[in-house]
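Asker: Provided below for reference: sequence and predicted model.
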Amino acid sequence: MSRATGPDLFVDDARLGQGATAALLVHGIGQLVTVHDPELDGAGPRRGRGLGELGVFTGAALAVEEGRVLAVGREAAVRAAVRLAPGAALVDAGGRCVVPGWVDPHTHAVFGRTRQDEYERRVRGETYLQIAAAGGGIHASVRDLRGRSEDELVTLSVPRLAEMLAHGTTTVEIKSGYGLTLADESKMLRAARRAAAAAGVRAVLTCLAAHEVPAEYKDRREAYVRLIVEEILPVVAREGLAERVDVFCEPSVFTLEETERIVHAAARVGLGATLHAEELEPMGGAALAARLDASSADHLIRIDATGIAALAAAGTVAVLLPGTVFTLGLARYAPAREMIEAGCAVALATDFNPGSSPLQSMPLVQAIACTQMRMTPAEALVASTLNSAWALGLARQVGSLAPGKAADFLLLDGEDYRLVAYRAGHNPVAAVWRDGRPVGR
Ligand code: NIG
Ligand code: FE
């Protein structure tokens with residue numbers, strides 16, 4: 001569909017041939033980061049050296065038609081190739097940088113109250129698992145969420161998602177997992193769908209009924225796994241409440257065997273899978289995700305050489321969440337460099353949730369990834385766009401500024417993409433477009 005017409009331009013020949021004209025032209029772009037490379041992008045997510053390939057044009061322009069990218073490249077080449085529609089919108093980037101919208105492939109963005117009380121307890125020395133064992137952590141959010149209506153959850157979630165959009169997240173994954181009954185998981189997923197639509201972000205929803213064994217099933221965990229497998233997942237699939245399943249695969253939560261049963265049950269009803277793996281204690285969840293052909297294995301703080309080799313050989317994307325390590329104040333980050341060198345397809349996400357990662361900003365995640373995991377700013381950018389789109393099964397639609405893809409892009413407030421990771425804590429996003437329409441900031 002797209003082809004390189006020389007080094008100056010990528011254009012959608014098919015649409016141009018049908019007479020497509022640009023409804024929007026962003027011009028005067030000092031540095032246009034497309035993350036598009038026709039040689040690299042046919043086969044799968046970026047790995048190894050490809051992870052740092054940005055596809056940059058300088059002195060560039062971006063042409064959009066019907067919400068999708070029509071052409072990207074050097075400004076003179078774009079202007080020569082594309083006619084403007086009558087009344088087309090012209091946006092002058094003023095020499096600043098344009099990048100694809102961030103894709104955040106792992107969040108728990110729908111919840112009730114925040115948990116700063118636990119944050120203070122951790123700062124004072126208690127661990128995440130100790131707080132969880134004492135009835136806090138996920139259990140605290142479950143008790144809270146069960147008492148709230150769907151409307152209330154929507155009201156709480158819209159501004160949270162809008163804040164993510166203002167930091168440049170145009171596509172977000174949202175998990176359930178604070179309901180842990182059929183009714184409450186369904187309520188949470190419906191609220192997530194409505195809140196994302198109201199906030200203007202594209203969303204992929206994931207059923208995480210296997211986030212924790214709820215208190216009322218404490219001594220009957222087998223019955224809870226059966227509830228997930230026999231009741232919750234079939235309803236979630238039938239009612240289109242989510243696209244995927246997730247399991248908190250962790251020694252103190254769900255075992256490898258339970259995880260496998262849940263993923264198989266999800267597959268039977270047509271849901272994809274992703275796993276929380278090797279977050280707090282190592283147990284082989286990464287290799288299991290690879291064997292089950294999950295779309296991603298996430299966290300991976302405690303991954304070992306076997307897990308790394310398994311992911312490197314699989315299509316499963318390794319989603320790293322360094323904001324969680326930062327917030328929990330853990331001693332080690334996921335071994336990103338080792339994983340990249342071994343050939344794993346690395347992506348980044350916020351893990352936004354009220355407990356282990358209250359941070360919503362993909363730019364901040366990129367900053368932590370570079371400073372603490374030694375990813376380069378270019379690797380962090382590709383891991384936050386194209387590879388995270390692969391993690392969600394959306395790489396044909398979003399994640400790069402390639403002809404035919406959604407025109408989801410960000411105008412930064414500076415001229416160089418490296419400012420994103422460099423200015424930790426600053427929001428570098430000056431303006432956000434989704435499907436070719438201005439949506440934020
Ligand atoms: O990804 N690991 C499990 N779930 C979240 C924490 C959720 C919570 O504490 O509420 C995580 O870290
Ligand atoms: Fe998580």
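Answerer: On my side now, so go ahead. Ligands and ions are numbered 1, 2, ... in the order given.
Asker: burial of whichever residue of the chain sits closest to ligand 1, as a residue count?
Answerer: Taking C-beta to the nearest ligand atom, ligand 1 has its nearest neighbour within the chain at G355, 2.3 Å off. For the C-beta atoms, the positions are set from N, CA and C on the backbone; glycine is no exception. By the criterion of other C-beta atoms under 10 Å, G355 has 24 neighbours.
Asker: so it touches H139, yeah?
Answerer: No. Using C-beta atoms under 8 Å, G355 is not in contact with H139; the gap is 10.3 Å.
Asker: quick one: contacts for V420?
Answerer: V420 is in contact with V99, P363, Q366, A367, P377, A380, L381, L412, P428, counting by C-beta atoms under 8 Å, 6 or more residues apart in numbering.
Asker: how far does the helix or strand containing it sit from the chain's center?
Answerer: For V420, the element it lies in under DSSP states H and E is helix 418-422. Computed by C-alpha atoms, centre = their mean, to the nearest Å, the separation of helix 418-422 from the middle of its chain amounts to 19 Å.
Asker: then whichever helix or strand comes after it to PDB, C-alphas only?
Answerer: As assigned by DSSP H and E, the chain's next helix or strand after helix 418-422 is strand 429-434. In PDB, the C-alpha atoms belonging to strand 429-434 read as follows (Å, rounded to 0.1, in the frame of the first residue of the first chain):
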ATOM      1  CA  VAL A 429       3.400  17.700  24.400                       C
ATOM      2  CA  ALA A 430       2.200  21.000  22.900                       C
ATOM      3  CA  ALA A 431      -0.800  19.600  20.900                       C
ATOM      4  CA  VAL A 432      -2.400  16.200  20.300                       C
ATOM      5  CA  TRP A 433      -4.300  15.000  17.200                       C
ATOM      6  CA  ARG A 434      -6.200  11.700  17.000                       C
END
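Asker: For strand 429-434, name the packing helices and strands.
Answerer: helix 150-166, strand 409-412, strand 437-440 (3 or more C-beta pairs under 8 Å, 6 or more residues apart in numbering; DSSP states H and E).
Asker: one more time with 6 Å, if that's ok
Answerer: strand 409-412 (3 or more C-beta pairs under 6 Å, 6 or more residues apart in numbering; DSSP states H and E).
Asker: give me every residue that touches A198.
Answerer: Counting by C-beta atoms under 6 Å, 6 or more residues apart in numbering, A198 makes contact with V158.
Asker: Over to it. Which of the three states is it?
Answerer: What DSSP: H, G, I helix; E, B strand; the rest coil gives for A198 is helix.
Asker: pretty sure L25 contacts E65?
Answerer: No. With contacts counted by C-beta atoms under 6 Å, L25 stays clear of E65, the gap being 10.1 Å.
Asker: can you list the residues of the stretch 101-250 of the chain near ligand 1?
Answerer: Residues of the stretch 101-250 of the chain that fall close to ligand 1, judged by C-beta under 6 Å from any ligand atom: H108, G137, I138, S141, F248.
Asker: Generate CSV for those, with pLDDT and neighbour count as supplementary columns.
Answerer: Shown next, in CSV, are these (pLDDT from 0 to 100; neighbours: other C-beta atoms under 10 Å):
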residue, pLDDT, neighbour count
H108, 98, 27
G137, 96, 20
I138, 97, 23
S141, 98, 24
F248, 97, 23
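Asker: nearest residue to V78 other than its sequence neighbours?
Answerer: Among residues not flanking V78 along the chain, A61 sits closest, at 4.1 Å (C-beta to C-beta, 6 or more residues apart in numbering).
Asker: For the one you found, grab the count of nearby residues.
Answerer: 27.
Asker: ditto for the one 3 residues further on
Answerer: Using other C-beta under 10 Å, V64 has 27 neighbouring residues.
Asker: Provide a list of residues in contact with it.
Answerer: L24, A407, G436.
Asker: Which of the three states applies to the spatially closest residue to E65 that is not a sequence neighbour?
Answerer: Excluding its sequence neighbours, the residue lying closest to E65 (C-beta to C-beta, 6+ apart) is A20, at 4.8 Å. Of the three states, A20 takes coil according to three-state DSSP.
Asker: L401 against T34, yeah?
Answerer: Yes. Using C-beta under 6 Å, L401 is in contact with T34, at 4.3 Å.
Asker: list the residues that contact both of those two?
Answerer: In contact with both L401 and T34: V72, using C-beta under 6 Å, 6+ apart.
Asker: Those two: who's more crowded?
Answerer: Set L401 next to T34 and count neighbours by other C-beta under 10 Å: L401 wins out with 29 against 26.
Asker: Next, please give the residue ranges for the helices of the stretch 251-400 of the chain.
Answerer: Ranges of helices within the stretch 251-400 of the chain are 256-268, 285-291, 305-312, 322-328, 336-342, 362-373, 377-383, 386-391, based on DSSP state H, counting those that start in this stretch.
Asker: circling back: could you identify the most distant pair in the residues of the stretch 101-250 of the chain next to ligand 1?
Answerer: Maximum pairwise distance in those, criterion C-beta to C-beta, is 13.0 Å, between S141 and F248.
Asker: Check the burial of V225 by counting its neighbours.
Answerer: V225 - counted by other C-beta under 10 Å - has 23 other residues nearby.
Asker: and the residue nearest to V78, how far is that from V346?
Answerer: Separation of A61 from V346 (C-beta to C-beta, to the nearest Å): 31 Å.
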